[in-house]
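J.: how would this look folded up:
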Amino acid sequence: MSESETHEATSRRVSDPLDIVILAGGISHERDVSLRSGRRVSDTLTSLGHRVTIVDPDAAMLVNLSARRPDLIWPVLHGATGEDGALLSLLEATAIPFVGSRGPAAALAWSKPIAKELVSRAGYGTSPSIALTRETFRDLGAASVLRNVLDTLGTPIVVKPAEGGSAQGVTIVEAPAALPRAMVDAYTYSNTALVERRILGTEVAVTVIDTGDGPVALPAVEIVPVEGLYSFEARYNAGETLFYAPARVESEVETILAETAVAIHRLLGLRHISRIDLIVDAERNVWFLEANVLPGLTETSLVPLAIEASGQRLGAVYAALARSALATHRAAGADPAS
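T.: Have a look, this model is predicted:
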């Protein structure tokens, strides 16, 4: 088949109903959230006429995918199951188009300490922090390690798992006495805990999408928990967090947020869709928190809010992301590094 015939066939496929497999569920701590995201995406794509199947990964998944050869895979596996890069690398090896970043880029974003270091080297603001493995914490003596952390970072600080999402295992530490328990909670979800100086300000999430013309930022979503931390419960229980889309920031700050999010998306080598979490302090400085390669797509998630705030329809954006994934796959046939 010639190049023009291949392009014509691909164009025909993206305009016709697609056979789409959504990967949702998995065995991470975010399984239930993943299933909710999967159902939401499935309902949206089904309403557009696509044939959609939700698959919960198991030992037969790769064999079944290779045998079925769907037109497109859309992974919404939150947590280590989908975001640490391993599964995405395996999907790439199947040579089936999929929505999302390549495995190596996802691995960079999945590690919060590594992502912070890369972003900091590029000149963007990141909070001072210390990453501690469970073994270091134990072998060097918890008491002396915690004294060093407090002497270096002071309080308030934030303790979080170095990998993971949905604020699981995250604690805001206002007083030194609360730090030991916060470390234990973080180690419940990861072998490495990230301790960082807390930046006070307006927390925002910026969704970045690339539907074929390069990454663009959607309106920032401002996050205001009714009480305390933007916790797991506050994220997924309606009424526990106030959201403002677009965020209540000056136009100049809004521009900086958009430019910063797109730059970090590019810097980490992300693809199709990401969510970049940032904080704007009282001096209007922008600080990087983390990057999410498979952000939540539930009814209370931030990405759908950003899409709505942009004036676009959810279905139109998801369809455009599917087309972008097919085009990326076609281009990768000529350039495997794409």
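J.: hey, where'd the helices end up in the stretch 51-200 of the chain?
T.: Ranges of helices within the stretch 51-200 of the chain are 61-68, 80-83, 86-94, 103-110, 112-121, 134-139, 142-153, 179-187, based on DSSP state H, counting those that start in this stretch.
J.: quick one: which of these is nearest residue 218?
T.: Residue 218 lies closest to helix 103-110 among the helices of the stretch 51-200 of the chain, at 18.1 Å (Cβ to Cβ). Using the backbone N, CA and C atoms, a C-beta is placed for each residue, glycine as well.
J.: which other helices and strands contact the closest one?
T.: Helices and strands touching helix 103-110, as assessed by 3 or more Cβ pairs under 8 Å, 6 or more residues apart in numbering; DSSP states H and E, comprise helix 80-83, helix 86-94, helix 112-121, strand 286-292.
J.: need the residues that contact it.
T.: Counting contacts by Cβ atoms under 8 Å, 6 or more residues apart in numbering, the residues outside helix 103-110 that touch it are 80, 83-90, 92, 100-101, 114-115, 118, 163, 268-271, 274, 290-294.
J.: what are the ranges of the helices in the stretch 201-338 of the chain?
T.: Per DSSP H, counting those that start in this stretch, the stretch 201-338 of the chain has helices spanning 232-236, 251-267, 302-309, 314-332. These are given in chain order.
J.: pick the most deeply packed of those.
T.: Using mean count of other Cβ atoms under 10 Å, the stretch among these with the largest mean neighbour count is helix 302-309, at a mean of 22.
J.: what is it packed up against?
T.: On the basis of 3+ Cβ pairs under 8 Å, 6+ apart, helix 302-309 makes packing contacts with strand 202-209, strand 221-225, strand 273-280, helix 314-332.
J.: which of the helices of the stretch 51-200 of the chain has the lowest average pLDDT?
T.: Ranked by mean pLDDT, those bottom out at helix 80-83, which scores a mean of 83.
J.: so for this protein, the centremost residue is which one?
T.: For the chain, the residue nearest the mean C-alpha position is residue 292 (1.7 Å; Cα atoms, centre = their mean).
J.: list the contacts for that residue?
T.: Counting by Cβ under 8 Å, 6+ apart, residue 292 touches 83, 109, 165, 274, 275, 276, 277.
J.: now residue 264
T.: Residue 264 is in contact with 119, 122, 124, 276, 288, 291, counting by Cβ under 8 Å, 6+ apart.
J.: comparing the helices and strands packed on helix 103-110, which comes out most buried?
T.: The highest average neighbour count among the helices and strands packed on helix 103-110, using mean count of other Cβ under 10 Å, belongs to helix 80-83 at a mean of 24.
J.: if we can go back for a sec, residue 220 is nearest to which of the helices of the stretch 201-338 of the chain?
T.: Ranking those by proximity to residue 220 (Cβ to Cβ) places helix 251-267 first, at 4.8 Å.
J.: pLDDT (mean, whole number) over the closest one?
T.: For helix 251-267, mean pLDDT rounds to 98.
J.: could you shift the numbering so residue one becomes 59, and keep it that way?
T.: All right, first residue 59 from here; so that's helix 309-325.
J.: quick one, it and helix 170-179 angle?
T.: Here helix 309-325 runs at an angle of 120 degrees relative to helix 170-179 (axes from the mean of the first three to the mean of the last three Cα atoms, to 10 degrees).
J.: make JSON lines out of the helices of the stretch 259-396 of the chain and add distance to residue 92.
T.: Output for the helices of the stretch 259-396 of the chain, formatted as JSON lines (distance: least, Cβ to Cβ, whole Å):
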{"stretch": "helix 290-294", "distance to residue 92": "12"}
{"stretch": "helix 309-325", "distance to residue 92": "22"}
{"stretch": "helix 360-367", "distance to residue 92": "14"}
{"stretch": "helix 372-390", "distance to residue 92": "17"}
